[in-house]
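Peer 1: Here you go, sequence then predicted model.
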Amino acid sequence: MTWTYNEISLLRDNYGTLPVVAIAKLIGKSEDSIRWKASKLRLRSKLPHAIKIPLGSVATLRAHNMSARKIGRLLGYSHKGVRYAEQNHTFAKGAQAHEFSI
């Protein structure tokens, strides 16, 4: 399957700041396809692999006025899990929302 300029741009802008599962759902490609293309583009992610609910991604998506339900769908979690993480976990200093475009 070929990649459009917009898909590659979205991947470059968000790989490493959003989980692969969220990027895959946004672009409409498989997680393996996202990882393969990122590898070909020599993109690197600093996200830990054992991450449960990525609070940085939640903050980024919240900054774009997304509901907990939509964030949960994008990240593969329940909206209750997203809300729980927001209420019971603190964001690290400097963990600001990244630019995110669709």
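Peer 2: Everything's here; your move.
Peer 1: List the buried residues for the helix or strand harbouring residue 61?
Peer 2: Using DSSP states H and E, residue 61 sits within helix 55-63. Across helix 55-63, burial judged by 16 or more other C-beta atoms under 10 Å covers 55-61. In short, each C-beta sits where N, CA and C put it, glycine included.
Peer 1: Residue ranges in this structure under the pLDDT threshold?
Peer 2: Low-confidence segments of the chain (pLDDT under 70): 47-52, 88-102.
Peer 1: and it, what are its domains?
Peer 2: Using automatic domain parsing, the domain parsing of the chain gives 5-40, 55-88.
Peer 1: buried stuff in the shortest one?
Peer 2: Within domain 55-88, the residues that count as buried by 16+ other C-beta under 10 Å are 55-61, 66, 68, 71-75, 77, 81-82, 85-86.
Peer 1: Same check on the longest one?
Peer 2: Of all the residues in domain 5-40, those buried under the rule 16+ other C-beta under 10 Å are 7, 10-11, 14-27, 29, 33-35, 37-38.
Peer 1: Now do the end-to-end distance for it.
Peer 2: End-to-end distance of domain 5-40 (C-alpha to C-alpha, to the nearest Å): 15 Å.
Peer 1: Could you pull out the helices in the chain for me?
Peer 2: Per DSSP state H, the chain carries helices over the ranges 5-14, 20-27, 31-40, 55-63, 68-75, 79-88.
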